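Asks: pasting a predicted model and its sequence here:
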Amino acid sequence: MGLCFVLTISFGLCFVSIFAELQRFEHPTKEDGSLSFLVLGDWGRRGAFNQSQVAFQMGRIGESLDIDFVVSTGDNFYDDGLIGEHDTAFEESFTKIYTAKSLQKQWYSVLGNHDYRGDVEAQLSPLLRKLDNRWLCLRSFIVNADVAEIFFVDTTPFVKMYFTDTKEHTYDWRGVPSRKAYIKNLLKEVELALSESTAKWKIVVGHHAIRSVGHHGDTQELVKRLLPVLQANNVDFYMNGHDHCLEHISDTESPIQFLTSGAGSKAWRGDIKGTNREGLNLFYDGQGFMSVKLNQSNSEIVFYDVFGKVLHRWNTSKQLHSSV
C-alpha cells in the first residue's frame, strides 16, 4: 500500500463464561458468517468539536454496512470521565448523540485515561446499561464473534506516568490496588486467551497506541510489555484511540496492523511526530472514524472523515484451509 498522508441491550448479546478473570461475550455474526463494525474513540463532548457530525456519518455508513456493533476505544467522556452513575453527560454525550437506527446496536467500550479521572465504577456500572442497553464498558473482556475474537485490554494502568505525576490530575485507581500485580495478571490472562483462540481473525483493542506518529506517540510501556504478546500470538489488528487522529501503521516485525481511531470529536491539527514513521500508511488529524468488515478469507479496513469521505482503504486476505 502506498502512503496516504492527509493533514487537514439486546441484539443477541449473551453472557457466556469467565475466562480466567476476563469475561467473555458471544456476539452472533450474520448468516453468511461475515462481521462488520465501526470503531470510534475519544468522543464524549456533548456533541461539540464535530462529535454530532461524526455521529451522523457513522449512522449513514453503519446502515450501508449493516453493522453488527460499535467498538469504542476509550476516553468516552470528557474532560474527566463521569462524576457518578447519574451524571447527565452519559445521555448528553452518548444516548442523545448516537441516535441513528444503525447505531442502536451493542457498544463495546474500554476505559481511557480521561475516564480514569472520573468515577470509574460509575462508567462500569450495570445501571448505565439500564439507562441505555447498548452500553457495555468493562476493564478487560473478550467478544467472540465466530469469525473473529476481539480482546479488550485496559491499557491505562500500564502507563506509569499516571501513577507518579498526580499534581495536575487525580485518577480513580479503585480496582487497581497494585499496578505491577494488575499488569502481570492481565498480561497472563490475555496471553493465555490469545494462545487458545482458534478465531480466523484476532483483534486486540486498547485505549493507548502501541505505534503512533500523533501527539502522544508510541506508548513505551505497551511496546515493552504488550506488543511481544501480540506478535507471538498471531494478532492481526491492534486498535486504539488516545491520539486524536486516524492512523494506519504496519508492524515491521509481524503481520500486525496498528489502527488508531481516536478522532470522535476534538482533533489536534498539525500535531505529528517527526520520528519513527516506518510502516506509516495513513495519518489524518481531523475528525472521523473507522469501519471493519471481516469474513473467513478477507478483511477490509476503511477510514472516513467527518464528511463520510473515504480517506484510506486497506484489504488483506487469508488462505482458506480445507480439511482432508
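Replies: On my side now, so go ahead. Numbers count the residues shown, from 1 in each chain.
Asks: any regions of the chain where pLDDT drops low?
Replies: Flagging of the chain using pLDDT under 70 yields the residue ranges 1-21, 166, 274-275, 320-324.
Asks: would you mind writing the CA trace of stretch 223-230 as PDB?
Replies: Only the C-alpha atoms of stretch 223-230 are listed here, as PDB (Å, rounded to 0.1, in the frame of the first residue of the first chain):
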ATOM      1  CA  VAL A 223       5.800  -1.600  23.300                       C
ATOM      2  CA  LYS A 224       7.700  -3.400  26.000                       C
ATOM      3  CA  ARG A 225       5.000  -5.500  27.700                       C
ATOM      4  CA  LEU A 226       2.000  -6.000  25.400                       C
ATOM      5  CA  LEU A 227       3.500  -5.900  21.900                       C
ATOM      6  CA  PRO A 228       5.600  -9.100  22.300                       C
ATOM      7  CA  VAL A 229       2.500 -11.000  23.400                       C
ATOM      8  CA  LEU A 230       0.600  -9.800  20.300                       C
END
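Asks: give the buried residues for it.
Replies: 225, 226, 227, 229, 230 (16 or more other CB atoms under 10 Å). Backbone N, C-alpha and C define where each C-beta goes, glycine included.
Asks: quick check: the second one vs residue 211, distance?
Replies: The one in question is residue 226. For residue 226, the distance to residue 211 equals 12 Å [CB to CB, to the nearest Å].
Asks: circling back to that earlier point, mind putting the buried residues of stretch 223-230 into TSV with distance to residue 183 and secondary structure?
Replies: Conversion of the buried residues of stretch 223-230 to TSV gives the following (distance: CB to CB, whole Å; DSSP: H, G, I helix; E, B strand; the rest coil):
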residue	distance to residue 183	secondary structure
225	7	helix
226	9	coil
227	14	helix
229	12	helix
230	15	helix
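Asks: show me which of those residues is closest to residue 136.
Replies: residue 226 (22.3 Å; CB to CB).
Asks: now do the same contact list for that closest one.
Replies: 153, 155, 158, 187, 190, 204, 206, 210 (CB atoms under 8 Å, 6 or more residues apart in numbering).
Asks: contacts only, for the third one.
Replies: Counting by CB under 8 Å, 6+ apart, residue 158 touches 183, 208, 219, 221, 222, 225, 226.
Asks: surely residue 90 is in a strand?
Replies: No: counting by DSSP: H, G, I helix; E, B strand; the rest coil, one finds residue 90 to be helix, located in no strand.
Asks: which parts of the stretch 1-150 of the chain are helices?
Replies: Taking DSSP state H, counting those that start in this stretch, the helices of the stretch 1-150 of the chain run over residues 51-65, 89-90, 120-124, 126-131.
Asks: buried residues, the first one. List them.
Replies: To tie it back to what came earlier, the one meant is helix 51-65. Buried residues in helix 51-65, counted by 16+ other CB under 10 Å: 51, 52, 53, 54, 55, 56, 57, 58, 59, 61, 62, 65.
Asks: wait, the fourth one touches residue 262, no?
Replies: No: because the distance of 11.6 Å does not satisfy CB atoms under 8 Å, residue 54 is recorded as not touching residue 262.
Asks: how close does residue 135 sit to residue 187?
Replies: For residue 135 relative to residue 187 (CB to CB), the value is 27 Å.
Asks: the two - which one has more neighbours?
Replies: residue 135 (23 against 16; other CB atoms under 10 Å).
Asks: you'd agree the more buried one is up against residue 129?
Replies: Yes: Residue 135 lies in contact with residue 129 (CB under 8 Å); the separation is 5.4 Å.
Asks: including secondary structure and distance to residue 93, could the contacts of residue 158 go into CSV?
Replies: Shown next, in CSV, are these (DSSP: H, G, I helix; E, B strand; the rest coil; distance: CB to CB, whole Å):
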residue, secondary structure, distance to residue 93
183, helix, 29
208, coil, 21
219, coil, 25
221, helix, 28
222, helix, 27
225, helix, 31
226, coil, 28
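Asks: looking at those, spot the one nearest residue 272.
Replies: Among the contacts of residue 158, and counting by CB to CB, the member closest to residue 272 is residue 219, at 16.6 Å.
Asks: look up the closest residue to the closest one, ignoring the ones flanking it.
Replies: residue 208 (4.3 Å; CB to CB, 6 or more residues apart in numbering).
Asks: for the most centrally placed residue in the chain, what are its contacts?
Replies: Central residue of the chain (CA atoms, centre = their mean): residue 73, 2.9 Å from the mean position. When contacts are counted by CB under 8 Å, 6+ apart, residue 73 is found next to 39-42, 110, 112, 205-207, 239-242, 261-262.
Asks: also residue 35?
Replies: 29, 68, 145, 146, 147, 148, 292, 293, 294, 295.
Asks: now do 6 Å
Replies: Residue 35 makes contacts with 29, 68, 145, 147, 148, 294, as judged by CB atoms under 6 Å, 6 or more residues apart in numbering.
Asks: so which of these comes closest to residue 90?
Replies: So of the contacts of residue 35, ranked by how close each gets to residue 90 (CB to CB), first place is residue 68, at 23.2 Å.
Asks: ok, that closest one to residue 142 distance?
Replies: 16 Å.
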